[in-house]
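>>> This is a predicted model, with the sequence first.
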Amino acid sequence: MNQSRAPRSAIRPRVGWAAGVVLVVLLLAGCTSAANDSADTESGSASTSGEMLGQPESASGDSLAQDASVADRSVITTGSVSVTVTNPITAAQDAVTIVEQAGGRVDSRTENPETDEQVASASLTLRIPAGDLDRTLDELRALGTVNYVTLNASDVTQQSADINARVTALTTSVDRLLALMTQAGNTADLIAIEGELATRQADLESMRSQRDYLADQIEYSTITLDLTATDTVAPGAPDTFVSGIVAGWNALVTALGAALVGVGFALPWLGIAAVLGGIVFLLVRLITRRRNPT
């Protein structure tokens, strides 16, 4: 009896240990699987989120870079606009008002009133802020019937950068020379530094003038506006006795003037003809006398 109970009591602890080991293994396997699934899920979510968020960020970055590149460009815009209007003189004043309201200015203005020989016209050189060019041109087109519009854009980004770099370099050089003047040990050194300083300052002023002129051309577009009348004025015919006399007198003066011009044109030829005729006449008389000595 004692021998049969001993093996059973020894087997029970072994079965308990084995069951515990299996349970632990199963728990570890379940935790590992859950962790892997969770990691995969989080990785997929992160990847999806990255793709969804990353792509717009990249596109936005490219767009901002392109916008910055365009904004950094220096462009000079020039052009010509021709408009047919009813009254060019009045339209010219309207054009000046449009440009001044846009913050621009008028550099030149020529007006030709209507006469018997010519129609009224006006020509203006306008300086329009580059940022308001399109809107201002639309308002100028509305003055009448547009004949043509031409615009030219010149990229001067590199030229502007070169001038700015030279201004910076010359400014630094002038500052150094001014510092050296205070440290000059003798008169000869002082004179040499002053001569070089004068040259550098002249170059600096020239570069600054070029920079300012270029900046003005970039900031304000130059547009030539030509305004012409719609109809050609025909000369009026005389309709009274006095106007008939005046017209006849004017015609007589014109005819006499034309005759005098013709005579003036013919005088040189008449003089040459007279000289040649005189020479021929003298030769004929000499020959005749030799043949008839008596």
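Sure, I can see it. Residues are numbered from 1 along each chain as shown.

>>> Within the helices and strands, which one has Ala266?
Taking DSSP states H and E as the criterion, the element that holds Ala266 is helix 241-291.

>>> which other helices and strands contact that helix?
With contacts taken as 3 or more C-beta pairs under 8 Å, 6 or more residues apart in numbering; DSSP states H and E, helix 241-291 sits against no other helix or strand. Placement of C-beta: from N, CA and C, glycine included.

>>> next one: it to chain centre, how far?
60 Å (C-alpha atoms, centre = their mean, to the nearest Å).

>>> Check stretch 87-97 too.
So, by C-alpha atoms, centre = their mean, the centroid of stretch 87-97 is 25 Å from its chain's centroid.

>>> which of the residues in that stretch are buried?
Neighbour counts over stretch 87-97 (16 or more other C-beta atoms under 10 Å) mark 87-89, 91-92, 94-96 as buried.

>>> Same question for stretch 187-200.
193, 197, 200.

>>> Now the element after whichever strand or helix holds the last one, going C-ward?
Going back to what we said before, that points to Arg200. If you go by DSSP H and E, Arg200 is part of helix 187-219. Per DSSP H and E, the first helix or strand lying C-terminal to helix 187-219 is strand 220-229.

>>> Residues touching that next one, excluding its own?
For strand 220-229, the external contacting residues (C-beta atoms under 8 Å, 6 or more residues apart in numbering) are 76-88, 91-92, 95, 104-105, 107, 114, 119-130, 133, 137, 140, 143-144, 147.

>>> and it, which strands flank it?
strand 75-85 (parallel), strand 121-129 (antiparallel) (DSSP bridges).

>>> in the stretch 1-150 of the chain, which ranges drop under the pLDDT threshold?
1-71 (pLDDT under 70).

>>> So which residues of it form strands?
Secondary structure of the stretch 1-150 of the chain, counting by DSSP state E, counting those that start in this stretch: strands at 75-85, 105-112, 121-129, 145-155.
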